[in-house]
Every structure is written in C-alpha cells, then in structure tokens.
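Peer 1: Based on what follows, work out the 3D shape:
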Amino acid sequence: MPSQKPFVPPPEPLNKSTDPYKFQGISYNHLEIEINLKSLKTIVIAILLGVPYLGLIHILFSSGSQIIVAMMIAVAIFIGGGIGLLYYLNTEEPVKPPSHQNKRR
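Peer 2: All right, here's what the predicted structure looks like:
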C-alpha cells in the first residue's frame, strides 16, 4: 500500500547570496497610477469662492470703503498663504539614501 502523505520538497533558504547584506532576486514591479485631481479641485474652489469675493470687494471699493477692502484683501492673502504653507510643509519628498556612508563588507 503506497504512502498517503504528499511529497514536500525540503525548504530552501530565502537568501542564496554569498554576501549576507545583498539579496538576490527580482524587484517587485507594482503598478502606480497617479490621478491628480488636486489642480482641478483647486481651480473649481477658487472660482466658486473667488468670484463672489472679488464682486464684494468691487462693490465695497466703488462705494468708498477702501479700509474694509484693504482688510478683506489682507485676510485673503493671509488665509491663502497659510494654506499654501501648510500644503508645502505636508508634502512628502522622496527619501534619498545617504551618499556619504560606506557599504559594509
């Protein structure tokens, strides 16, 4: 009567390289699909918020309220600059390996 157990080959080591710090094999090629909708959203939001704001500034400027217009422009610049600064600080730059370190031998 034959054996009921299936044949399982002996395990092979994962790293067959002679150099223990270097792995051999093929790198994983993952698909990267970038859909950049930020610019479209930014343009739409700027139009929806900016056109009425500019209309209000024009109405106030033509009625003689230059101080209120100046404050409104300053507030818009302050808010836009704050959003731009937060966006700049939160963007991730690609990590570069240090070039001044020697490889282990």
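Peer 1: What's the separation between residue 51 and residue 58?
Peer 2: 11 Å (CB to CB, to the nearest Å). In short, each C-beta sits where N, CA and C put it, glycine included.
Peer 1: same deal with residue 10?
Peer 2: Distance from residue 10 to residue 58, by CB to CB: 82 Å.
Peer 1: now swap in residue 42 and tell me
Peer 2: Taking CB to CB as the measure, residue 42 falls 23 Å from residue 58.
Peer 1: got it, and residue 11?
Peer 2: 77 Å.
Peer 1: before we move on, what about residue 32?
Peer 2: Relative to residue 58, and taking CB to CB, residue 32 is found at 45 Å.
Peer 1: cool, residue 79 as well?
Peer 2: 19 Å.
Peer 1: how many other residues sit next to residue 57?
Peer 2: 17 (other CB atoms under 10 Å).
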